[in-house]
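got a predicted structure here, sequence first:
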Amino acid sequence: MTIEFSLSPRQRETQAMIRQFAEGIVRPESLKWDREHGISHDFLRRIVAMAQAMGSSFMMGPNSADTKTVEVDAETRKKRQIGLTTIVSAEELAWGDAALMLCLPGPGLGGPPVRASGTPAQKERFFGVFADMSQELKWGAYALTEPGAGSDVAGIRTSCRKDGKHWILNGRKCFITNGGRASWNVVFATIDPALGRAGHRAFVVEKGTPGFSVGKIEDKMGLRASETAELVLEDCRVPEENLLGGEDSYRTKEGFMTAMKTFDTTRPLVASMAIGIGRAAYEYAVDFVKQNYVLSRPIPRYAAIAERLARVGRQLAAARMVTWRAAWLADQGEQNAKEASSCKALAGGAAIRACIDAIEICGAEGSIAGEHQLLQKWFRDIKVYDIFEGTGQIQRIVVSKRLLPELKSF
Amino acid sequence: MIGFEPTEEQKMVRDAVAQLAERTLRPRIREVEKLRGLPDDVQQAAHAMGLPLAAFPEPVGGSGLGLVTQVLIEEELAFGDSAAGFALSGPGAYGWAALQLGGAERCKELIGAFLGDGAHQRFGAVAWGERKASPDRAGLVTTAERSASGGWKLRGEKAYVLNADRARSFIVFAQVDASAGWNGLGAFVVPADARGLRVLPRVDTLGLDAASFGGVALDDVEVPEGARLAHGGDAGRLVTFFATQGLIVAARAVGLARAAFEVTRDYCEQRKAFGKPIGHFQAVAFTLADRCMDLEAARAMVWRAAWMWDALSHAADGVTEREALLHTAWAVSFALEAAMRAGDDAVQLHGGSGFMRDYPVEKWMRDAKQLQVCAMTAEQADQLAALIALGRPVDPALVLPGAESQSVFL
């Protein structure tokens, strides 16, 4: 083991390729997707074909290798929980367009819980859905949030009760990325709210299940090309074999832990995306300053602008290092909950600051729609990165609890 | 490869220093402060471990462990006592200046004087700073003129000199070409007993009490031509010298931040208010979480910058000097500010007790502030980072710590 920071030749190659793709192909489409609230299936199909041709699953989100290899031996699973290549790729792709990543076909955020808790048969069934997307694109999704339970995950009210060979689910889920078009959603419900976490169960609810319907599709500040759906479960009859992990696995606190473990792998990924957006804004501001200020004439604002650019650059660099470390820990098979939350909190904060400062550095220009629409889009896109996958405040709660062992709750 | 784990050799060195820090330095921080220097037995222990020369390349008489090892050592030393790194005998910054501005041969020759019996009582010093800028030109006020004998005659007064009263030899910076500003400097090796050199009284400082800060008056001090370091006038090398010294100070800042954070976290678990540990209130816990994140980020940034200089010295991994400077600048400003926040919050969370010298935290707060004016300030680092980001040449007038911007202790 060493302390070193050079990407492997393969990682560098992947990074360069995605950077090129992001710049040449994604960026020019980005504003159109934002206006049209979606990305054409033709475009997404091309990406899927490209990723398959490269024999790489880097664009498909974490652990998407499962789409091909259903059973991964324990050693590999331990070693490749996130993958630095995925983290590096996510930053590059989000630099191009953050919503694109959320729109990519595949299991998405639904992947990690199925992989972590699913039985071999469930993994084969649910990941098998994505084996062939040549005719039709498919998505998976993760449905935890409810109108009355966001960060306070333990407070979910969607109910489930056993009825013969089925479970009956009732409730509403909201803010579910790709939830409306997903082939299946991992839906969290409770057998009894009074039981808290111990009462939680996770189900894979397939599209077309009786009693399952899609409600409102949200209109959002940013990430407008990404679908955010409300899901309605009205006496929804889910077959018992869709209970993730099988009934025996819920004898312990497993249910809630399933939901939480997902975050240890997805938070660094989300952090990396935030850094990608922040870097886009930072580089935009640097280019603006180069073209408009420093090189042509002396500027009284120079030192202040330089200081601000440096601050933005360094905060992003700081977040990136903690993100890499969180991913590296996961890849070593070590606990990374504290670091995963830390990088998410740092990245969200740094990237929001980057977008705000970039607009200010461009001055009045920065707020004029037209030429600077991309910058404004990033400003709108980035805010949610300090909210979804746990708000900045939630990340600090997670970190605090790791720092103060006696602290159980506030 | 990306890695965040020291090699076995680095761990051995680090663990040994950690032991010295825990058993010897920390219990005696107040004694050392009153003594205004490290006791002889501590100096001896550090020399016995080979710390002063650990990072210097083997060809010049060092152990060749590199800058990554150096920052690991510095963090541990500073964790024990944040002033220790500054008060440690040996060539220190003098040796690095000799290497970077004089070359390997010259460095080997100069470092030779710091080896052997009694080495633990020998100090070198760099005389760079000045209290007032020249009113009519850029550069240093101290001048070097040709002497009748073909050598140089130095005249002026140097301030903010670390170890001025302890040094057996100085590297003195002076203006050789008055019309060339920051590109017209020279660096001269001057023995402490040179005729016309007068050591000025030690100054009292806000923090880092164990470190001696003072100055020297140069009243037509004559040195031979050979006293001049070959590259002392190379502004680019000077920037690198200050940046790498800044990085070493940044590593001390990480050690200080860790000490302040850990002691404060423990205090917040023990101290009760309103019936529970104060750490169990969110306002306190979140502050601790933020300081923990700062620490993680600062350390990783310092490691990454140090790794870049090591890679650069092996001409490996395609690292460029500008890249290394950029990452160093980011690490310096981030770590220095992180340490200040850590010291400030440590006193704050200790409440009234924090203000009392019964607790160590007030020392850390004072030391953190003092650290911020050693080698390179965050402001200078920010200017450096911005110049590189904007693709501009590194202007020594903006980056070197002159009296008209911010002089630093070195």
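Thanks, I have it.

tell me where the stretch 1-150 of chain A has strands.
Assigned by DSSP state E, counting those that start in this stretch, the strands in the stretch 1-150 of chain A fall at A:3-5, A:140-143.

equivalent analysis for chain B, please.
Assigned by DSSP state E, the strands in chain B fall at B:2-4, B:123-127, B:143-146, B:152-162, B:167-175, B:185-191, B:197-203, B:213-223, B:272-273, B:276-277.

ok, residues contacting the first one?
Residues lying outside strand B:2-4 but in contact with it, judged by Cβ atoms under 8 Å, 6 or more residues apart in numbering or on different chains, are A:1-7, A:84, A:324-325, A:328-329, B:300, B:303. Quick note: C-beta positions are derived from backbone N, CA and C, even for glycine.

go again with 7 Å.
With Cβ atoms under 7 Å, 6 or more residues apart in numbering or on different chains as the test, strand B:2-4 has contacts from A:1, A:2, A:3, A:4, A:5, A:7, A:84, A:324, A:325, A:328.

output the below-cut-off pLDDT ranges for the stretch 251-400 of chain A.
The model of the stretch 251-400 of chain A has pLDDT under 70 over residues A:252-262, A:293-301.

near chain B, which residues of it?
Residues of the stretch 251-400 of chain A found near chain B (Cβ under 7 Å from any Cβ of the partner chain) are A:286, A:289-290, A:294, A:306-307, A:309-311, A:313-314, A:317-318, A:321-322, A:324-325, A:328, A:339, A:342, A:345-346, A:396, A:399-400.

then stretch B:285-294 to PDB, C-alphas only?
Output in PDB follows, covering the C-alpha atoms of stretch B:285-294 (Å, rounded to 0.1, in the frame of the first residue of the first chain):
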ATOM      1  CA  ALA B 285     -22.100  18.100  17.100                       C
ATOM      2  CA  PHE B 286     -22.300  19.700  13.600                       C
ATOM      3  CA  THR B 287     -19.300  21.900  14.500                       C
ATOM      4  CA  LEU B 288     -17.300  18.800  15.400                       C
ATOM      5  CA  ALA B 289     -18.500  17.200  12.100                       C
ATOM      6  CA  ASP B 290     -17.300  20.200  10.100                       C
ATOM      7  CA  ARG B 291     -13.900  20.200  11.700                       C
ATOM      8  CA  CYS B 292     -13.600  16.500  11.100                       C
ATOM      9  CA  MET B 293     -14.400  17.000   7.400                       C
ATOM     10  CA  ASP B 294     -11.800  19.800   7.300                       C
END
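
off-centre distance for that stretch?
26 Å (Cα atoms, centre = their mean, to the nearest Å).

what of stretch A:376-394?
With Cα atoms, centre = their mean, you get 11 Å for stretch A:376-394.

where do the strands sit along the stretch 151-300 of chain A?
Using DSSP E, counting those that start in this stretch, the strands of the stretch 151-300 of chain A run over residues A:159-163, A:166-177, A:184-190, A:200-206, A:212-217, A:228-239.

show me the contacts for whichever residue of the stretch 51-200 of chain A sits closest to chain B.
The stretch 51-200 of chain A approaches chain B most closely through residue A:84 (5.5 Å), counting by Cβ to the nearest Cβ. By Cβ under 7 Å, 6+ apart, the residues touching residue A:84 are A:11, A:324, A:327, A:328, A:331, B:2.

so which of the residues of the stretch 251-400 of chain A next to chain B belong to helices?
Among those, DSSP state H puts A:286, A:289, A:306-307, A:309-311, A:313-314, A:317-318, A:321-322, A:324-325, A:328, A:339, A:342, A:345-346, A:396, A:399-400 in helices.

report the buried members of these.
By neighbour count, with 16 or more other Cβ atoms under 10 Å in any protein chain shown, those hold A:286, A:289, A:306-307, A:309-311, A:313-314, A:317-318, A:321-322, A:324-325, A:328, A:339, A:342, A:345-346, A:396, A:399-400 as buried.

residue A:363 and residue B:332: what is the separation?
For residue A:363, the distance to residue B:332 equals 29 Å [Cβ to Cβ, to the nearest Å].

those two: who's more crowded?
The residue with more neighbours, out of residue A:363 and residue B:332, is residue B:332; 36 against 12, by other Cβ atoms under 10 Å in any protein chain shown.

thought the more buried one was touching residue B:381?
Yes - counting by Cβ atoms under 7 Å, residue B:381 is a contact partner of residue B:332 at 4.2 Å.

you'd agree residue B:74 is up against residue B:253?
No - counting by Cβ under 7 Å, residue B:74 does not reach residue B:253; the two are 9.2 Å apart.

who's more crowded, these two?
Using other Cβ under 10 Å, the more surrounded residue of residue B:74 and residue B:253 is residue B:253, with 34 against 28.
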